[in-house]
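In: A structural model of the following input is requested.
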Amino acid sequence: MTNASSVDAPNQASHPEPQGGWRRYFSFSTDHKVIGIQYLVTSFGFFMIGGFMAMVIRAELITPEADLIDRTVYNSLFTMHGTIMIFLWIFPSLVGLANYLVPLMIGARDMAFPRLNAIAFWLVPIFGILLLSSYALPGGTAQAGWWSYPPVSIQDPLNQRINGEVFWLLAVAISGVSSIMGGVNFVATIMKMRAPGMTLLRMPVYVWTVLSAQIIQLSALPVLTGGAIMLLMDITLGTAFFNPDKGGNPILYQHFFWFYSHPAVYVMVLPIFGVFSEIVPVFSRKPLFGYRVVALSSVVIAVVSEIVWVHHMFASYTPAWMRIFFMFTSMLVGVPTGVKILAWTATLWKGKIRLDTPMLFALSGIVMFLFAGITGIMLASVPIDIHVNNTYFVVGHFHYIVYGTITMGLFAAFYFWFPKVTGRTYNEGLGKVHFWMAFIGTNLNFFPMHPVGLQGMLRRMSSYAPEYAYWNVMASLGAFLLGISTLPFILNMVGSWVQGKKAPENPWRSLSLEWTVPSPPPIENFEEIPVIVGDPYGYGQSKPLIANPEATATQEA
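Out: Take a look at the predicted model:
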């Protein structure tokens, strides 16, 4: 059991008096809540940039001919869109959400290392600016895809040591350092700074998913960061790690890249599973079905996820025994994820379901994840994967994960915790307009990629055979609708934060710990560190999750 006084001591010295108003969000703040908002707003800015690039790509693909932009520019947009959406939207936004919520959910005053937390954030705009500044180079930005495979990535037709690929690799390396810092902070905070009585099996499922995701970061991300540095040395110093002309092995880079980048999918999706596990019980007015199994399944996913990376290399030079082994492990990860879907379904069963905006986004994310899981099992099969490798079927599957599940889950979280962060209520009507536009746009955009991929259309092509036009027109129309759907979200969030009605302290009647403090929370979260005594998922019970502050004082004495 954590001693409350040991939690307070390091953080009281770490917080200077905050600046007033909006200025604190532009300062080097060590308050985890300010840092969380900084992450979320910064990442959303990059989301808008990456989304604009996607709309240009889909505008090019609305006709079979390459008649809008130059092919080199198209390659750059394709690379930058993927890189921005993964490294500058999804990862930072998930870290920002966890930064805001985890200390509140476990009864801590702040993160374990507040200054390290701030440094990790300020690296994000640095590598974002570095990435985008490559457009100013004579050769333009990186064009080798967001995976940057050699030998394509080490080719330099302009014979320049400093080119777009160098900027891309530097940005990815800095991103890796930032994420490792965050991983250390989250694991230390969750393991060492929980409130008295907050045992591991009393933690909210969201905290379990964050912990599991950050364990993956710490164990697998250094491999990708090392691979990026080695590739950078091949380009700038003339080493031969991956250069086949000098005896290097380009397949080795694929192992470095995918050893992290497949588990990275679970780094992204696990916290969203936690969001679903928080929202579904609240809007069903029922306890989460199978809390312990759902919590521990996140750890199982984290373990299994690190033995599936060759799943992406079936079309590369891969021995037959390795294909069979990784086909099995790739399908095996469907078991703990299936446990979560069963738990959410059982929680909904006979519940008093309220279809407010957070619940709509959560349910749509679950449904689209189920579809993505089915196509994922298909891709885990060696014969199917070889057939559809490098086609739009893979692109469609991936986007049902990163947008249909993760981004829709993020929107669910934004609406659900908006009253906690701002102390204001959002506009429910605008929220539902945003949901329906996003839901229809997502499916109209990404579903057509599956049939056109099965027909053989390759990705990264700016022109294509006319027989693929029908599905591409549908996908492009969906992309434009998806882009427009962001407008009511921005209007809702900004307008409600500035002029929204004051929110009740606990508008959703949730029993999790963050809703027991004022909205927005005070600078150090809790006047008294709470003592946890109740069932974290006992919705409908008369007893709250925490005892009164007198229990804390008694324990400290």
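
In: quick one: terminal-to-terminal distance for stretch 72-92?
Out: Counting by CA to CA, to the nearest Å, you get 29 Å between the two ends of stretch 72-92.

In: From Thr345, how far out is Tyr291?
Out: As for Tyr291, its distance to Thr345 is 15 Å (criterion: CB to CB, to the nearest Å). Yep, even glycine has a C-beta here, placed from its N, CA and C like the rest.

In: Counting neighbours, go ahead and name the busier of these two.
Out: Of the pair Tyr291 and Thr345, Tyr291 is the one with more neighbours under other CB atoms under 10 Å, namely 22 against 13.

In: Compute the distance between that one and Tyr426, please.
Out: From Tyr291 to Tyr426 the distance is 29 Å (CB to CB).

In: Equivalent analysis for Ser330, please.
Out: 39 Å.

In: again with Thr486
Out: As for Thr486, its distance to Tyr426 is 15 Å (criterion: CB to CB).

In: Looking at these two now, which is surrounded by more residues?
Out: Looking at Thr486 and Tyr426 with other CB under 10 Å, you find the greater number of neighbours at Tyr426, namely 24 against 18.

In: Does the more buried one belong to a helix, a strand or coil?
Out: Recorded secondary structure, Tyr426: coil (DSSP: H, G, I helix; E, B strand; the rest coil).

In: show me the contacts for the residue nearest to Leu101 when sequence neighbours are not counted.
Out: Nearest residue to Leu101 in three dimensions, chain neighbours excluded: Glu514, at 6.2 Å (CB to CB, 6 or more residues apart in numbering). Under the criterion of CB atoms under 8 Å, 6 or more residues apart in numbering, the contact partners of Glu514 comprise Leu101, Leu104, Met105, Trp417, Lys420, Pro521.

In: pLDDT value on the nearest residue to Ala438 once chain neighbours are set aside, please?
Out: Counting by CB to CB, 6+ apart, Ser485 is the residue found nearest to Ala438 once chain neighbours are left out, at 4.4 Å. At Ser485, the predicted lDDT confidence score is 96.

In: Please report the distance of Ser485 from Met437.
Out: The span separating Ser485 from Met437 equals 4 Å under the rule CB to CB.

In: again, but for Gly248
Out: The spacing between Gly248 and Met437, counted by CB to CB, is 48 Å.

In: Then Val41?
Out: Using CB to CB, one obtains 22 Å as the distance from Val41 to Met437.

In: what residues are up against the nearest residue to Phe326 once chain neighbours are set aside?
Out: If you skip the residues right next to it in sequence, Phe326 has Val310 as its closest partner in space, 4.1 Å away by CB to CB, 6+ apart. By CB under 8 Å, 6+ apart, the contact set of Val310 is His255, Trp258, Thr318, Met322, Arg323, Phe325, Phe326.

In: In whatever helix or strand Gly365 lives in, which residues are buried?
Out: Taking DSSP states H and E as the definition, Gly365 sits inside helix 357-380. By 16 or more other CB atoms under 10 Å, the buried positions in helix 357-380 come out as 357-369, 371-373, 375-376, 378-380.

In: Next, give phi and psi for the residue nearest to Leu101.
Out: Backbone dihedrals for Glu514, given as degrees, to the nearest 10, come out at phi -60, psi -20.

In: Retrieve the pLDDT associated with it.
Out: Among the per-residue scores, Glu514 shows a pLDDT of 92.

In: Check Arg202 too.
Out: Looking at Arg202, its pLDDT is 90.

In: Likewise for Thr337?
Out: Confidence per residue is given as pLDDT, and for Thr337 that number is 93.

In: got it, and Leu94?
Out: pLDDT recorded at Leu94 is 97.

In: Next: Phe276.
Out: In this prediction, Phe276 has a pLDDT value of 97.

In: give the contact list for it.
Out: Listed by CB under 8 Å, 6+ apart, the contact set of Phe276 reads Lys340, Trp344, Ala362, Gly365, Ile366, Gly409, Ala412.

In: okay, those residues in TSV with distance to Val267 next?
Out: Below are the contacts of Phe276 laid out as TSV (distance: CB to CB, whole Å):
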residue	distance to Val267
Lys340	16
Trp344	21
Ala362	20
Gly365	17
Ile366	19
Gly409	14
Ala412	19
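
In: The stretch 1-150 of the chain: helices as residue ranges?
Out: 4-12, 32-60, 71-83, 91-106, 114-133 (DSSP state H, counting those that start in this stretch).

In: The ones you listed: which one's closest to Ser153?
Out: When the helices of the stretch 1-150 of the chain are ranked by proximity to Ser153, the top entry is helix 71-83, at 9.8 Å, counting by CB to CB.

In: so what does the closest one touch, helix or strand wise?
Out: In this structure, helix 71-83 makes packing contacts with helix 32-60, helix 114-133, helix 164-192, judged by 3 or more CB pairs under 8 Å, 6 or more residues apart in numbering; DSSP states H and E.

In: Endpoint to endpoint, stretch 508-528 covers what distance?
Out: Between the opening and closing residues of stretch 508-528 lies a distance of 24 Å (CA to CA).

In: Nearest to Val494, out of the helices of the stretch 1-150 of the chain?
Out: Put simply, out of those the one that sits nearest Val494 is helix 32-60, at 10.6 Å, with distance taken as CB to CB.

In: And the average pLDDT for that closest one is what?
Out: Average pLDDT, helix 32-60: 96.

In: need the contact list for Thr405.
Out: Contacts were defined as CB under 8 Å, 6+ apart; by that measure Thr405 touches Val269, Ile272, Gly365, Ile366, Met368, Phe369, Ala372.

In: what does Leu231 give?
Out: Ser148, Pro150, Ser153, Ile154, Leu169, Phe241, Phe242, Tyr253.

In: Hmm, Ile235 and the fourth one touching each other?
Out: Yes. The pair Ile154 and Ile235 passes the contact test of CB atoms under 8 Å, sitting 5.5 Å apart.

In: shared neighbours, those two?
Out: By CB under 8 Å, 6+ apart, Ile154 and Ile235 have these common neighbours: Glu165.

In: longest single helix anywhere in this structure?
Out: Among the segments of the chain that qualify as a helix by DSSP state H, the longest is helix 205-236.

In: quick one: buried residues of that one?
Out: By neighbour count, and taking 16+ other CB under 10 Å as the criterion, the buried residues in helix 205-236 are 205-217, 219-221, 223-225, 227-232, 234-235.

In: hang on, isn't Phe446 packed against Tyr403?
Out: Yes. Proximity of Phe446 to Tyr403 meets the contact threshold set by CB under 8 Å, at 6.9 Å.

In: Could I get the phi/psi values of Val333?
Out: phi -70, psi -20.

In: Sketch out the low-pLDDT regions of this protein for me.
Out: Judged by pLDDT under 70, the chain has its weakly predicted residues at 1-22, 138-140, 156-162, 534-557.

In: give me the number of residues near the closest residue in space to Ser463 that isn't next to it in sequence?
Out: Nearest non-adjacent residue to Ser463, counting by CB to CB, 6+ apart: Ala66, 4.1 Å away. Ala66 is surrounded by 15 other residues when neighbours are defined as other CB under 10 Å.

In: got it, and Lys192?
Out: 12.

In: same question, Val299
Out: 16.

In: again with Ala412
Out: Based on other CB under 10 Å, the number of other residues close to Ala412 is 27.

In: isn't it right next to Asp356, touching?
Out: No. Taking contact to mean CB under 8 Å, the distance of 10.2 Å between Ala412 and Asp356 leaves them out of contact.

In: Give the intersection of the neighbour lists for those two.
Out: Residues touching both Ala412 and Asp356 by CB under 8 Å, 6+ apart: none at all.

In: can you pull the contacts of the residue nearest to Ala438?
Out: Contacts for Ser485 (CB under 8 Å, 6+ apart) come out as His434, Met437, Ala438, Gly441.

In: and the second one, what helix or strand is that in?
Out: Same thing as Met437. Using DSSP H and E, Met437 sits within helix 428-446.

In: and that helix with helix 32-60, angle?
Out: Counting by axes from the mean of the first three to the mean of the last three CA atoms, to 10 degrees, helix 428-446 lies at 50 degrees to helix 32-60.
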